[in-house]
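Q: Predicted structure and sequence below. I'll ask about it afterward.
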Amino acid sequence: MGTHESEVRRALGRLQRAIEKSHRELEALSAALRHAEGDDFPRGEYAGAESAIQNLLDFTESEGRRLEDKILTAGGLEPGRVRRSSSS
């Protein structure tokens, strides 16, 4: 794997971790506001934000699979036939 591929994988990993952190922060904010505001809490807006974050997570996972398949193909391996060994 060349430097460009490594850089892309690292960048994708950083993006995914940042989105996961955003998800946790949104959950914390949502819980605090639900407690503070009760019935006035804007459930619909927060559900929309949650959905947007989930779409971003799905995108990064899809891109990760696409990149992995591309790297395997470039290395002469057939994507989907390579199994990862468990470290257990």
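A: Structure's in. What do you need? On a predicted model such as this, the values are computed, not experimentally measured, just so you know. Numbers count the residues shown, from 1 in each chain.
Q: Could you pull out the helices in this protein for me?
A: With DSSP state H as the criterion, the chain has helices at 3-37, 43-74.
Q: could I get these as a markdown table with mean neighbour count and mean pLDDT?
A: (Each C-beta comes from the backbone N, C-alpha and C, glycine too.) Rendered in a markdown table, the data for these read as follows (neighbours: other CB atoms under 10 Å; pLDDT from 0 to 100):
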| stretch | mean neighbour count | mean pLDDT |
| --- | --- | --- |
| helix 3-37 | 12 | 95 |
| helix 43-74 | 13 | 93 |
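Q: residues in contact with the residue nearest the centre of the chain?
A: For the chain, residue 57 is the residue whose C-alpha lies nearest the centre (CA atoms, centre = their mean; 3.0 Å). By CB atoms under 8 Å, 6 or more residues apart in numbering, the contact set of residue 57 is 16, 19-20, 23.
Q: ok, for residue 19, nearest residue in space, not its chain neighbours?
A: The shortest distance from residue 19 to any residue other than its chain neighbours is 4.9 Å, reached at residue 56 (CB to CB, 6 or more residues apart in numbering).
Q: Relative to residue 33, how far out is the residue of the chain most remote from its centre?
A: Relative to the centre of the chain, and counting by CA atoms, centre = their mean, the farthest-placed residue is residue 39 at 31.2 Å. Relative to residue 33, residue 39 is positioned 12 Å away (criterion: CB to CB, to the nearest Å).
Q: for residue 64, same thing?
A: Relative to residue 33, residue 64 is positioned 32 Å away (CB to CB).
Q: now swap in residue 75 and tell me
A: Between residue 75 and residue 33 the distance, using CB to CB, works out to 49 Å.
Q: Kindly report the same for residue 60.
A: Applying CB to CB to residue 60 and residue 33 gives a distance of 27 Å.
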